[in-house]
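Student: Got a predicted structure plus its sequence, pasted below:
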Amino acid sequence: MTAVNIMTLARVIHENNRALQYFNGEEVGPEWLDAPQDQITSTVKGLQMVALGATPRSLHESWMKDKIDAGWKYGVFKDEELKQHPCLVSYDQLPKEQQLKDVIFYTTAKQFFDLGLVIMDNRSKMVR
């Protein structure tokens with residue numbers, strides 16, 4: 001297998017998450033090429049965190065902080081317009097299927113990093 005740049009791995013992670021949304025019966029987010037910039041940025045940031053030793057819990061905590069900093073609040077249902085999200089709770093309060101998203105993100109990324117299959121190329125930072 002040939003090494004991939006971080007943006008390629010970000011796309012794999014993003015599509016894994018879409019598959020889990022489908023599996024969980026959730027509204028499935030946009031494909032990678034149609035994803036909003038904040039999703040792209042969040043995925044790349046998560047990958048960088050895994051490379052530096054993050055855990056599924058710390059990935060969730062970072063995502064939650066970014067959402068809160070952007071004006072989001074807890075809500076029973078996800079609502080982009082009202083900036084409400086049901087996952088704005090501590091990691092331990094997340095339903096197992098939501099924790100699974102963080103675990104799969106982490107495990108997939110960690111395996112790529114551990115096997116030396118990711119090129120940390122700064123030139124590809126935010127290019128799809």
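Tutor: Sure thing, it's come through. Residues are numbered from 1 along each chain as shown.

Student: ok, the most centrally placed residue in the chain to Q93 distance?
Tutor: The residue lying closest to the centre of the chain (Cα atoms, centre = their mean) is T43, at 4.4 Å. For T43, the distance to Q93 (Cβ to Cβ, to the nearest Å) stands at 23 Å. For the C-beta atoms, the positions are set from N, CA and C on the backbone; glycine is no exception.

Student: Quick one: mean pLDDT over the strand or helix carrying L9.
Tutor: Assigned by DSSP states H and E, L9 falls within helix 6-23. Throughout helix 6-23, pLDDT has a mean value of 95.

Student: ok, and what's touching that helix?
Tutor: Outside of helix 6-23, the residues within contact range by Cβ atoms under 8 Å, 6 or more residues apart in numbering are 27-29, 31-32, 35, 39-40, 43-44, 46-48, 97, 100-101, 104-105, 108-109, 112, 118-121, 124-128.

Student: what's the next secondary structure element after it?
Tutor: As assigned by DSSP H and E, the chain's next helix or strand after helix 6-23 is helix 37-51.

Student: Can you list the helices and strands that that following helix packs against?
Tutor: When contacts are defined as 3 or more Cβ pairs under 8 Å, 6 or more residues apart in numbering; DSSP states H and E, helix 37-51 packs onto helix 6-23, helix 56-69, helix 96-114.

Student: Next, count neighbours for Y22.
Tutor: With neighbours defined by other Cβ atoms under 10 Å, the count for Y22 comes to 12.
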